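Q: dropping the sequence and predicted coords here.
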Amino acid sequence: AARAQAGIQRLKAYDPGHDLVALRRRFGEANLAELGSNENPYGPSPQARAAILDSLHALHRYPDPLGADLKRALAAKHGVDVAQVQLGNGSHELLMQLAQVFAGPGDEVVFSRYGFAVFALATQAAGATMRIVEALPRDAAMPCGHDLDAIAAAIGPATRLVYVANPNNPTGTWFGREAMIAFLDRVPADVLVVMDEAYAEMAEAPDYASALSLLGRYPNLAITRTFSKAYGLAGLRVGYLLAQPGLVQVMDRLRESFNVNGPALAACVAALADEAHLDWACARNAEQRAALAAALQQRGLRVFPSQTNFVLVEFGPRTAQIEAALVERGVILRPMAGYGLADCLRISVGSPDENRRLLAALDQVLT
Ligand code: PMP
């Protein structure tokens, strides 16, 4: 370990939390409510499943190293040039590569206190310095959300990169177009802003806006998105980046030649074509999110506002015991101590049945 690069020496390997394989064996998959990883409980479009089956005849072949079909479909969907699209093995891979390409030892990367965990990981893995900005206070309208003014103020001469997630995980918080423009106007042209929009498809609040329409206006803006959430394809590991062609070209130097596999490429093209399934899953999520939040509030719990497929919930001083007791009842949530939110749990919005099982288990545990 002593031979590792300094940033890597300080890193901790990914902690998967609960051993889901062991828990599935113990309870039986059908008896678990897996609400810890912000997955889509409805799964992907049936057309994506069919495309995977169709792709199996070519398993002995390498996939298209350029992912041309999927890039074309994404470019058409978002109204950008194909040269502005890069594919990743999940958006996680792209977030890591962005730090590797644009920040190194001596450089600073700025992000919010409760920003997505990979921002810290990517910064340290690149050997760069983390500049963590305090989030909005818990009693703000957007509790624990990004303080865009403070983030802009934290940008200094050594800053190369700023990570922002909208909506953000694990807080569920978001911001709108005016705030985004005011922020981007303050960022120097030589600092890259990475807007992580993993949950964008599920955000429907009138005061939420994607940065997509701003890509042409700010050459230093890059957007990441994923097939893992609204498209229900977390198991395939596909994410994408939209940015200026020059940025995509330099990212491509680092990319492993076949980073997205053949069945995954085929499935994502098919998933993009099935907009009805996407809309259905997002509508279902919004309806269940509202119902779940209301049911949790009825139980006296504080639920943070969310435009994602999860809610952050305050459970107070007994949080760890409550979480452990829920696991014993087959309900898996995400502890937040690692984020510095030890009195909170993050609850993914499940199917109606999963949400019912969560609430029934909570009623046993909270008494
Ligand atoms: N960004 C955010 C905000 C996320 O919550 C996640 C997944 N938890 C990701 C990126 C990475 O997703 P994936 O690698 O599956 O695309």
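A: Sure thing, it's come through.
Q: can you say which helix or strand has the residue of the stretch 251-367 of the chain found nearest the ligand in it?
A: Closest to the ligand within the stretch 251-367 of the chain is T308: 8.0 Å, counting by C-beta to the nearest ligand atom. For glycine as for every other residue, the C-beta is placed from the backbone atoms N, C-alpha and C. In the assignment (DSSP states H and E), T308 maps to no helix and no strand.
Q: quick one, phi/psi of M195?
A: phi -100, psi 110 (degrees, to the nearest 10).
Q: run a quick neighbour tally on the residue nearest to it when sequence neighbours are not counted.
A: Among residues not flanking M195 along the chain, A211 sits closest, at 4.4 Å (C-beta to C-beta, 6 or more residues apart in numbering). When neighbours are defined as other C-beta atoms under 10 Å, A211 has 22 of them.
Q: just give me the neighbour total for G17.
A: 14.
Q: contacts only, for the residue in the chain positioned nearest to the ligand.
A: Closest to the ligand within the chain is G90: 2.6 Å, counting by C-beta to the nearest ligand atom. Listed by C-beta atoms under 8 Å, 6 or more residues apart in numbering, the contact partners of G90 are 226, 228, 237-239.
Q: check it and give its pLDDT.
A: On the pLDDT scale, G90 is placed at 98.
Q: so how far is T226 from it?
A: Per C-beta to C-beta, to the nearest Å, G90 is found 7 Å from T226.
Q: find residues that contact each of those two.
A: Common neighbours of G90 and T226, using C-beta under 8 Å, 6+ apart, are 238-239.
Q: buried set for the least confident helix or strand in the chain by mean pLDDT?
A: Across the helices and strands of the chain, mean pLDDT, DSSP states H and E gives its lowest value to helix 6-10, namely a mean of 85. Neighbour-count burial for helix 6-10 flags G7 (criterion: 16 or more other C-beta atoms under 10 Å).
Q: and if you look at stretch 97-106?
A: 97-99, 101-103.
Q: with stretch 360-367 instead?
A: Buried, per 16+ other C-beta under 10 Å, within stretch 360-367: 361-362, 365.
Q: around the ligand, pick out the residues from the stretch 151-300 of the chain.
A: Selection of the stretch 151-300 of the chain residues close to the ligand by C-beta under 6 Å from any ligand atom yields 165, 169, 196, 198, 226, 228, 234, 239.
Q: so which strand or helix has the closest residue to the last one other than its chain neighbours?
A: In this structure, G239 finds its nearest non-sequential neighbour in S91, 2.9 Å apart by C-beta to C-beta, 6+ apart. Assessed by DSSP H and E, S91 sits inside helix 90-102.
Q: next SSE downstream of that helix?
A: Sequence-wise, the next helix or strand downstream of helix 90-102 (DSSP H and E) is strand 108-112.
Q: who are the packing partners of the helix or strand following that next one?
A: Downstream of strand 108-112, the first helix or strand assigned by DSSP H and E is helix 117-125. Here helix 117-125 touches helix 6-10, helix 90-102, strand 108-112, strand 129-133, strand 159-165, going by 3 or more C-beta pairs under 8 Å, 6 or more residues apart in numbering; DSSP states H and E.
Q: closest to R217 out of these?
A: strand 159-165 (16.1 Å; C-beta to C-beta).
Q: count the residues that sit near the residue of the stretch 251-367 of the chain closest to the ligand.
A: Neighbours of T308 under the rule other C-beta under 10 Å: 28.
Q: who touches it in this structure?
A: T308 makes contact with 38, 167, 169, 172, 199, 202-203, 229, according to C-beta under 8 Å, 6+ apart.
Q: closest to A120 among these?
A: Taking these together and measuring to A120 by C-beta to C-beta, the closest member is N169, at 13.1 Å.
Q: is that closest one in contact with A198, as I believe?
A: Yes: using C-beta atoms under 8 Å, N169 is in contact with A198, at 6.8 Å.
Q: give me the common contacts of the two.
A: F116.
Q: rewinding a little: next, work out how far apart the residue of the chain closest to the ligand and V101 are.
A: 17 Å.
Q: kindly report the same for E93.
A: To V101, E93 is 12 Å away according to C-beta to C-beta.
Q: thinking again about what came up before, distance to A76 for the helices and strands packed on helix 117-125 - can I get that in TSV?
A: Converted to TSV, those look like this (distance: least, C-beta to C-beta, whole Å):
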stretch	distance to A76
helix 6-10	39
helix 90-102	20
strand 108-112	32
strand 129-133	36
strand 159-165	26
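Q: for I332, which of the ones you listed is the nearest?
A: helix 90-102 (20.4 Å).
Q: most widely separated two among the contacts of G90?
A: T226 and R237 (9.2 Å).
Q: neighbour count: the two, which is higher?
A: T226 (24 against 19).
Q: residues touching the more buried one, list them.
A: By C-beta under 8 Å, 6+ apart, T226 lies in contact with 90-91, 198, 238-240.
Q: likewise for L241?
A: 85-88, 91, 94, 98, 222-225, 248, 251.
Q: can you classify it by secondary structure?
A: Classification of L241 using DSSP: H, G, I helix; E, B strand; the rest coil returns strand.
Q: about what we covered before: how about the contacts of T226, which pair is most distant?
A: Spanning the widest gap among the contacts of T226 are A198 and V238, at 12.1 Å by C-beta to C-beta.
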